[in-house]
Each structure stands twice: as C-alpha cells, then as structure tokens.
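In: how would this look folded up:
(one chain, ligands or ions: 1)
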Amino acid sequence: MTRQTEGGTTKKPACEGCELGRRDFLLRASRTALGIVVALGGSAMPASARPLRLIPSGEDLNGEKAYPIPPQDGVSIDTDNDVIMVRHAGRVYAFALSCPHQNTALRWRKADNRFECPKHHSKYGPDGTYLSGRATRSMDRLPIRRAGDQILVDVDMVFQEDTDPTGWAEAVVTLS
Ligand code: FES
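Out: As a prediction, this is how the structure comes out:
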C-alpha cells in the first residue's frame, strides 16, 4: 500500500509483478557494448507488448537519479529502480513501473501506442493518462526535472493523479 506524506506525494509502492516483469524484460533482452539494452527475440510475448529499450540505472545525484534526455520519442525502462521513462510529443515523463490498480508491472504496446496492464488489462496513453480498465487513476508519475542535458528523477516518490492532480500534471519536462 502507498503512504501519504505531507508534500502531497506518496512513497512509491512495491510492484507485485515487478520481479516477474524484470525477468520477462531481461530474458528477452540483449545488452549492447554501450550498456543500453534493447528488447529482442521471439517468445510467447507478442512483439507489440515488448518494451522498446532498457536503460541502465540512473546515476545517483543527491537522492535523484540522472538519465540522459531521450534522443527521440519512445519508451525506456530502468529495471533497477522500476522507472518507465517516456519521451512523447516534446515532453518527458517518468512513471512508476507498477500499475496503479494492483501494482502489476505494466507493458508497453508499441503497435497500439499505449501501456497495458497484463493482469486486468487497464490501458493508459503514452503520457500515462488512464484510458480504460479496472484502474481508477492514471499511471503514477515521479517527480522529474531537467538539469542541462540530463533528466533528474526522484525514484522514491510518486504523484498520484487522484490525490494530487496538480503535482501529477506538473510532473513533466517540456523540451524546447
Ligand atoms: S493490476 Fe493492473 S489493471 Fe489490475
């Protein structure tokens, strides 16, 4: 369960499906010489449901994780910190990997340009907006900001749309 804090954000919940999710991602991935992992290979998981890219754990900078600005639109996952990074339509978002309904690890469905939960099939847009399903809010966003050519994310906190709609809406980096 999540825990409310004074700042309106909540502690990021444990992801019940994340251990399975990590194995799932890693079993289908191949690490490149640069340390960036690209999802490859055939399996029972349809191609459209595989993540596009895994990224190494962000460098720790005074409690925040630092990531390079995604060079193009797409979805990346830091499995060490259960963070989904999205660049979409000139904006960058960081999401909790866990579904806000019952904390199952979410999947990116490239062909449909949306996220989907494998447990009860809630669907979310690339900006995390709730589309349909049992979930009652959009994907949880993490505090995010830009510092030069890096994106800094507080991986220990989340903004939940239903309890902090302003914080949730402002958890975005707009690229100019
Ligand atoms: S756990 Fe994701 S919709 Fe139920």
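In: output the contacting helices and strands for the helix or strand where residue 158 lies.
Out: Secondary-structure assignment from DSSP states H and E places residue 158 in strand 157-158. Under the contact definition 3 or more C-beta pairs under 8 Å, 6 or more residues apart in numbering; DSSP states H and E, strand 157-158 sits against strand 10-11. Backbone N, C-alpha and C define where each C-beta goes, glycine included.
In: follow-up on the earlier one: partner strands of the strand holding residue 158 and their direction?
Out: If you go by DSSP bridges, strand 157-158 pairs up with strand 10-11 (antiparallel).
In: who's in contact with the spatially closest residue to residue 121 that is not a sequence neighbour?
Out: In this structure, residue 121 finds its nearest non-sequential neighbour in residue 133, 5.5 Å apart by C-beta to C-beta, 6 or more residues apart in numbering. Under the criterion of C-beta atoms under 8 Å, 6 or more residues apart in numbering, the contact list for residue 133 reads 101, 117, 120, 121, 122, 123.
In: and residue 116, by the same measure?
Out: 49, 106, 107, 109, 122, 123, 124.
In: which of those residues lies closest to residue 154?
Out: residue 106 (19.4 Å; C-beta to C-beta).
In: neighbours around the closest residue to that closest one other than its chain neighbours, how many?
Out: Spatial nearest neighbour of residue 106, chain neighbours left out: residue 115 (4.9 Å); criterion: C-beta to C-beta, 6+ apart. Close neighbours of residue 115, defined as other C-beta atoms under 10 Å, add up to 23.
In: wait, a helix at residue 115?
Out: No: counting by DSSP: H, G, I helix; E, B strand; the rest coil, residue 115 is not part of a helix but strand.
In: that one pairs with what?
Out: Here residue 115, judged by DSSP bridges, has bridge partners residue 108, residue 124.
In: try residue 88
Out: residue 91.
In: please renumber so the chain begins at 529
Out: Shifting the count to begin at 529 puts that one at residue 616.
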